[in-house]
Structures are given as structure tokens and as C-alpha cells.
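Asker: turn this into a model:
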Amino acid sequence: MTSKKTEKYDLILQGALKVFAENGYHRSQVSKIAKAAGVADGTIYLYFKRKEDILIHLFQEKLGELVNKFHESVAETNDACEALRIICTIHYTELENNPELAYVTQIEMRQSELELRKEIGITLKPYIELIENIVQQGIDNGQFRANLNVKLVRNLIFGSMDEVVTSWLLSGQKYSLRDQVDETLQFFIHGVSK
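Answerer: Sure thing, here's the model as predicted:
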């Protein structure tokens, strides 16, 4: 895409994020997204076939950025506990800094149709695999118990962080999500350590 096309694409995704967070995915209209993005209604259809495509691309872009941050940040450590701390810190910090993204990823994803959830699941897969690799690394280097069910543990770790963010949103964001990192990590480490 040329820079002008990329700029409009990014504006549409930002507009969609705002509109989906404010109105919910199902109550959001393409015209509202266009208005929030500062583009004509028809411009949306130059980039996306339908509203579902906007949500899928939004997840691909935003979660893709997060997954890249996770990978870059844990690449420097061989310590599985530290890698989990890094993951948890980034997860909480990024979503606290962007409540609209938190709302869309936590609430709207669960209310989407099966096909949309499948597409979004494909986007989440590299993140889940990264957590799995960290758990396996902890087993391999002796930090974690050898008898752990790696796939179950990765789901428990992801699911726990996911639930902490959802609870934070539902509470009206009355406390710092970042401040939950230490207790979350203690919970993880206590559950997997020898």
C-alpha cells in the first residue's frame, strides 16, 4: 500500500476501534466508522468488503503488534519466570493504556459469530504458542515441574490474564491493571514451580 492508502487504512481501523468500543460491534454502523475515521462512507469499501473484515483486520493489526512486542521482549531472556513477567507486564500495560482495545478484545470478541471468532483465534495463536514455549522452556531448564500439562498450563496463564483484564474493565477501570502484575505472576509461578 502507498503511504496515503496506509494512512487511510490506519485511520479506518482507529475509527473502528473507537466506534466498536463505544457502541459494540453489532450496533456499530459503517457510516459511524467512516465518520470517526474522517473518511467518506464509500472509502471504507475500498479497503474492506464488510464490517466483519474491519473487525478481523483490527484484531490482526493490534494483536499482531502485541505479539511482536512479546517476542522481541522475551528474546533476551532464558529465564522462564522473567519471560512470564515480561508477557504479563506488556499485556496489562498495553491494555491499560488503550482501554478501547481492551474493551474490543475482551468483550466484543466473545460476542462475535463463530466464523469471526475462528479468524480472531488464528490471530491469537502465535501469542498462545509463545506462552506454551515459555512454559516448555521453564520445564526444560528445571524452573517448572516436569509433569506439567503444557497445553493446559498455557491456557490457564492466558485465561487468567484475560480474566484479570475483563474484571478490570467491568469494574470501570477503578484500579491500575499494571499493579496486578506481581500478584498474577506469583499465582503463575506458585502453580508451576517445583
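Asker: can we go C-alpha only for contacts and neighbour counts from here?
Answerer: Noted.
Asker: could you point out the longest helix in this structure?
Answerer: Assignment by DSSP state H gives helix 114-140 as the longest helix of the chain.
Asker: buried residues in it?
Answerer: Of all the residues in helix 114-140, those buried under the rule 16 or more other Cα atoms under 10 Å are 116-117, 119-120, 123-124, 126-128, 130-139.
Asker: what's the helix or strand that contains L152 packed up against?
Answerer: For L152, the host element (DSSP states H and E) is helix 150-170. Counting contacts by 3 or more Cα pairs under 8 Å, 6 or more residues apart in numbering; DSSP states H and E, helix 150-170 packs against helix 80-97, helix 99-103, helix 114-140.
Asker: do that again at 10 Å, thanks
Answerer: Secondary-structure packing of helix 150-170 (3 or more Cα pairs under 10 Å, 6 or more residues apart in numbering; DSSP states H and E): helix 80-97, helix 99-103, helix 114-140, helix 181-192.
Asker: what about the residue nearest in space to the middle of the chain, which helix or strand?
Answerer: The residue lying closest to the centre of the chain (Cα atoms, centre = their mean) is L63, at 4.8 Å. L63 belongs to helix 51-74 when assigned by DSSP H and E.
Asker: buried residues in that helix?
Answerer: 51-52, 54-60, 63-64, 66-67, 69-71, 74.
Asker: re the thing from before, CSV for the helices and strands packed on helix 150-170, including mean pLDDT and distance to G159?
Answerer: As requested, these are arranged in CSV below (pLDDT from 0 to 100; distance: least, Cα to Cα, whole Å):
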stretch, mean pLDDT, distance to G159
helix 80-97, 96, 12
helix 99-103, 93, 14
helix 114-140, 89, 10
helix 181-192, 93, 11
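Asker: make TSV from those and add distance to D10 to it.
Answerer: Listed next are these as TSV, based on distance: least, Cα to Cα, whole Å:
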stretch	distance to D10
helix 80-97	18
helix 99-103	14
helix 114-140	18
helix 181-192	31
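Asker: between those helices, which one is closest to Q14.
Answerer: The closest of those to Q14 is helix 99-103. By Cα to Cα, the value is 9.7 Å.
Asker: check which helices and strands the closest one sits against.
Answerer: Using 3+ Cα pairs under 10 Å, 6+ apart: helix 99-103 touches helix 3-23, helix 51-74, helix 80-97, helix 150-170.
Asker: please identify the most buried of the ones you listed.
Answerer: helix 80-97 (a mean of 20; mean count of other Cα atoms under 10 Å).
Asker: who are the packing partners of it?
Answerer: For helix 80-97, the helices and strands in contact under the criterion 3+ Cα pairs under 10 Å, 6+ apart are helix 51-74, helix 99-103, helix 114-140, helix 150-170, helix 181-192.
Asker: tell me the angle the last one makes with helix 80-97.
Answerer: Taking axes from the mean of the first three to the mean of the last three Cα atoms, to 10 degrees, one finds helix 181-192 and helix 80-97 inclined to each other by 140 degrees.
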